[in-house]
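Asker: need coordinates for the following:
(chains A and B)
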There are 2 protein chains.
Amino acid sequence: MTLCLAAVLNGCASTPRGTHDLGLIVERASGSVALVETSKQSRLARIEGLGDLSHAHITYSRDGRYGYVFGRDGGLSKVDLLKQILVRRIIQSGNAIGGAISQDGKLIVAQNYEPGGIKIFDADTLDLISEVPAYYAAGQRAKVVGLADLPNQQFAYSLFEAGEIWLTDLSDPLHPKTQRFAAGSQPYDAMVTPDGRYYIAGLFGEDALAMLDLWKPEDGVKKILGGYGRGEVALPVYKMPHLRGWSMAGQDLFLPAIGRHEVLVASTLSWQEKTRIPVQGQPVFVMAQPDGRQIWVNFAFPDNDKVQVIDVATLQVIQTLNVGKAVLHMEFTPRGESVWISARDDNRVSVYDTRHFQRLETLDIQQPSGIFFTNRSGRIGF
Amino acid sequence: MTLCLAAVLNGCASTPRGTHDLGLIVERASGSVALVETSKQSRLARIEGLGDLSHAHITYSRDGRYGYVFGRDGGLSKVDLLKQILVRRIIQSGNAIGGAISQDGKLIVAQNYEPGGIKIFDADTLDLISEVPAYYAAGQRAKVVGLADLPNQQFAYSLFEAGEIWLTDLSDPLHPKTQRFAAGSQPYDAMVTPDGRYYIAGLFGEDALAMLDLWKPEDGVKKILGGYGRGEVALPVYKMPHLRGWSMAGQDLFLPAIGRHEVLVASTLSWQEKTRIPVQGQPVFVMAQPDGRQIWVNFAFPDNDKVQVIDVATLQVIQTLNVGKAVLHMEFTPRGESVWISARDDNRVSVYDTRHFQRLETLDIQQPSGIFFTNRSGRIGF
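Answerer: Numbering: from 1, shown residues only, chains lettered A, B, ... in the order given. All right, here's what the predicted structure looks like:
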């Protein structure tokens, strides 16, 4: 009882609760995150003071209690979901684009544009442990994109200006060991398959993807899906496309055809294009339900008020939902019975059931963008 | 603060903690479970009074806070992992063989031998909601085996004496809707692929497996892997083999060849046998690491002191570990950096790292059998 009273005096911690149904939603404009829970589909709290949260990414501690928020301004914040407070915040670079957590949960890795490279932090304290600057030529550091955590304390990431994929082993975090692979022109984002085996980067300067088989890294990078549809119009580099939304369902990879109103389907058995599915706009996120039964797609302006659903068995669009203004992100509940969708300019997040496409709930959230549930804690490559 | 003090007086709840790194280990002989945490690889508490826990199974609430323990004696117990107490215990049948939780987390379903059928309970209160008795002929009820939760509030299970697979929709839990499928002779256990698409039952009375494609249930059950190796000697029915350990890695299904010293590998693309891997004994559990890179296998008596590891890329045994006496079960941490293995007759659970096969820790647990981590809360078919 003495210990309990101490705990109470130490900050009103409320009654105990599990962490498996919690999540954080980025409130982009106000530098805050909304703490939500999926069981009752409600907002529990707002946690403020997190800086510039455009392009923000969140990953979770292995116990599910803490969220690590990576801001665009190089801020790295540790948020306590149970006490509903900001635990610590550091500025770790001038311009950052996300981060990840090691397989054992002890290391937080941030990927940086400026200065280009990755930095490794202690997950408990956020103290800097080491870094891998992305020097690809004398005095030249590349922007790092597409960071993914991998089995065995490894991380893969891509160097935009260098045209390389780097694979860093942090088994001894003070002494990172890095392998370099030629990847192709201007890798701009990447994903790893759910088993952590294939690391695939999109190339901005070539009409193809770069794939590294992490079971056989010695074989080097292979180009796949040549001519996959980057589009005819070169996009300006300052508007880097988001491709983390690539998804696997069964044997197939679903990805946005940049600059076209199509979702591409590629076989992971042959790594060849299988088909293209016409959709209502330029896809941004192309996300498979946890059961792989349906693919949910949102779009770039001016079609960013809609979400379309593709049936994986027939490869047809079976549903078009008018979700709201400026749909930015989607996240499935861990077992996929519902999906949460943010509509930034409506200041709301909608919860849909994935079976009947009914809107179950609407939450008032200030300019919501990314939605991140705590089950990411137990997944590879998130 | 008033609320906090009330919470304290209401039971010393200790300081808040996340639930993602927790688990329960069945202490078979003493009718108790050990609460453990994987971050520090330690035991936190013992919770007693759970009855006969041979063949016990555990599933978790959607918030990760509660474990539902299904005992052999028909006991269904709800355990609070944070307060470390037994919340409620009911006797729901005379002889039970496990259970599952619905996709939305609101229903607990128990599968029963006696009386044969499934029962549906409220996950909060454990109050009985409804049941589906397994009548397959007048006055005849079959034992239910191989229960699996599926997307869309559905459950699949097999009826031993009836030779059927039943698919029950609990969208309206007061009024279950059940479809029946002829499956073959004496289905004795089953699994569902990780995406929830294929339900596969082992047949005791035939040398084949029965598969139902849940995306096309109207096509009915197909027989696959005819002659897959049930073995020459008929096993007595009272020693029902455990096959929940079937595992998928990449496109391949790994399963124990009953009665032979082999692990079978079947392609999920063709549903044909691909190869057989010689191992040191009769396999019991054949479990894929979360990254699908390795398969871990334990064995029946007299080889039940060993665990072998198969490399998925080469389909070779690459490691043999002397773990202890009477190895009964294994469980991987959510992201697969380590595996926990119970050795009943040594009264200990060992933690191995999956990269270097080193024993990292040993925990004293009374006659441990099943090990169940809370990340099962977010998975389909567990």
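Asker: quickly note the distance from A:Ser161 to A:Gln186.
Answerer: Heads up, residue A:161 is Glu, not Ser. A:Glu161 sits at a distance of 8 Å from A:Gln186 (criterion: C-beta to C-beta, to the nearest Å). Every C-beta, even on glycine, is put in place using the N, C-alpha and C of the backbone.
Asker: sorry, that was for A:Arg335
Answerer: Counting by C-beta to C-beta, the gap from A:Arg335 to A:Gln186 is 38 Å.
Asker: who's more crowded, these two?
Answerer: The residue with more neighbours, out of A:Arg335 and A:Gln186, is A:Arg335; 25 against 22, by other C-beta atoms under 10 Å in any protein chain shown.
Asker: what about the residue lying closest to the more buried one once chain neighbours are set aside, which SS state?
Answerer: Distances taken as C-beta to C-beta, 6 or more residues apart in numbering or on different chains place B:Gln103 nearest to A:Arg335, at 5.0 Å, with adjacent residues excluded. B:Gln103 falls in the coil class when you classify it by DSSP: H, G, I helix; E, B strand; the rest coil.
Asker: quick check: B:Gln103 touching A:Glu337?
Answerer: Yes - B:Gln103 is in contact with A:Glu337 according to C-beta atoms under 8 Å; the separation is 4.6 Å.
Asker: any residues in contact with both of these two?
Answerer: B:Pro151, B:Asn152, B:Gln153 (C-beta atoms under 8 Å, 6 or more residues apart in numbering or on different chains).
Asker: need the residues you listed in a markdown table (columns: pLDDT, neighbour count and secondary structure).
Answerer: Shown next, in a markdown table, are the shared contacts of B:Gln103 and A:Glu337 (pLDDT from 0 to 100; neighbours: other C-beta atoms under 10 Å in any protein chain shown; DSSP: H, G, I helix; E, B strand; the rest coil):
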| residue | pLDDT | neighbour count | secondary structure |
| --- | --- | --- | --- |
| B:Pro151 | 96 | 23 | coil |
| B:Asn152 | 96 | 20 | coil |
| B:Gln153 | 97 | 20 | coil |
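Asker: give me the subset of these touching chain A.
Answerer: B:Pro151, B:Asn152, B:Gln153 (C-beta under 8 Å from any C-beta of the partner chain).
Asker: can you tell me which of those is nearest B:Trp296?
Answerer: Relative to B:Trp296, the closest of these is B:Pro151; by C-beta to C-beta it sits at 27.5 Å.
Asker: and B:Gln103 and A:Glu337? which has more neighbours close in?
Answerer: Using other C-beta under 10 Å, the more surrounded residue of B:Gln103 and A:Glu337 is B:Gln103, with 27 against 23.
Asker: so who does the more buried one touch?
Answerer: Taking C-beta under 8 Å, 6+ apart, we find B:Gln103 in contact with A:Arg335, A:Gly336, A:Glu337, B:Asp149, B:Leu150, B:Pro151, B:Asn152, B:Gln153, B:Ile380.
Asker: for A:Leu363, same thing?
Answerer: Counted by C-beta under 8 Å, 6+ apart, A:Leu363 has contacts A:Ala34, A:Val36, A:Gln41, A:Ser42, A:Arg43, A:Arg348, A:Val349, A:Ser350, A:Val351.
Asker: and these, which are buried?
Answerer: Among these, those classed as buried by 16 or more other C-beta atoms under 10 Å in any protein chain shown are A:Ala34, A:Val36, A:Gln41, A:Arg348, A:Val349, A:Ser350, A:Val351.
Asker: want to throw those residues into CSV with secondary structure and pLDDT?
Answerer: Listed next are the buried ones among the contacts of A:Leu363 as CSV, based on DSSP: H, G, I helix; E, B strand; the rest coil; pLDDT from 0 to 100:
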residue, secondary structure, pLDDT
A:Ala34, strand, 98
A:Val36, strand, 98
A:Gln41, coil, 97
A:Arg348, strand, 97
A:Val349, strand, 98
A:Ser350, strand, 98
A:Val351, strand, 98
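Asker: put together TSV for those residues, with distance to B:Leu203 on each row.
Answerer: Formatted as TSV, the buried ones among the contacts of A:Leu363 follow (distance: C-beta to C-beta, whole Å):
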residue	distance to B:Leu203
A:Ala34	51
A:Val36	46
A:Gln41	42
A:Arg348	52
A:Val349	47
A:Ser350	46
A:Val351	42
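Asker: and for the strand or helix carrying A:Leu35, what's in contact with it?
Answerer: Assessed by DSSP states H and E, A:Leu35 sits inside strand A:32-37. The contact list for strand A:32-37, computed with C-beta under 8 Å, 6+ apart, reads A:21-27, A:42-50, A:53, A:58, A:67, A:69, A:79, A:81, A:84, A:340, A:349, A:363, A:365-366, A:368, B:63.
Asker: pull the distance from it to the chain's centre.
Answerer: Here the centre of strand A:32-37 is set off from its chain's centre by 17 Å, with C-alpha atoms, centre = their mean, to the nearest Å.
Asker: which residues of the stretch 151-300 of chain A lie near chain B?
Answerer: Counting by C-beta under 8 Å from any C-beta, the stretch 151-300 of chain A sits next to chain B at A:151-153, A:195-197, A:215-216, A:249-251, A:269, A:290-293.
Asker: in strands, which of the residues you listed appear?
Answerer: Among those, the members falling in strands are A:Ala249 (criterion: DSSP state E).
Asker: now the buried members of the residues of the stretch 151-300 of chain A next to chain B.
Answerer: Buried by 16+ other C-beta under 10 Å: A:151-153, A:195-197, A:215, A:249-251, A:290-293, out of those.
Asker: ok, so of those, who is nearest A:Ser130?
Answerer: Closest approach to A:Ser130 among these (C-beta to C-beta): A:Gln153, at 12.9 Å.
Asker: for that closest one, what are its contacts?
Answerer: Residues near A:Gln153 by C-beta under 8 Å, 6+ apart: A:Ser102, A:Gln103, A:Asp104, A:Leu107, A:Asp169, A:Leu170, A:Ser171, B:Glu337.
Asker: give the bridge partners for the fifth one, please.
Answerer: So that's A:Asp169. A:Asp169 has these beta-bridge partners by DSSP bridges: A:Gln154, A:Lys177.
Asker: residues in contact with it?
Answerer: Going by C-beta under 8 Å, 6+ apart, A:Asp169 touches A:Asn152, A:Gln153, A:Gln154, A:Pro176, A:Lys177, A:Thr178.
Asker: wait, which of those residues is closest to B:Val286?
Answerer: Proximity of these to B:Val286 (C-beta to C-beta) peaks at A:Asn152, which lies at 22.2 Å.
Asker: that closest one against B:Arg355, yeah?
Answerer: Yes - under the contact definition of C-beta under 8 Å, A:Asn152 touches B:Arg355, with a separation of 5.0 Å.
Asker: now for those two: what residues contact both?
Answerer: B:Glu337.
Asker: give me the contact list for whichever strand or helix holds A:Gly98.
Answerer: A:Gly98 belongs to strand A:95-101 when assigned by DSSP H and E. With C-beta under 8 Å, 6+ apart as the test, strand A:95-101 has contacts from A:55-57, A:59-62, A:68, A:70-76, A:107-114, A:123, A:143-145, A:147-149, A:155, A:382.
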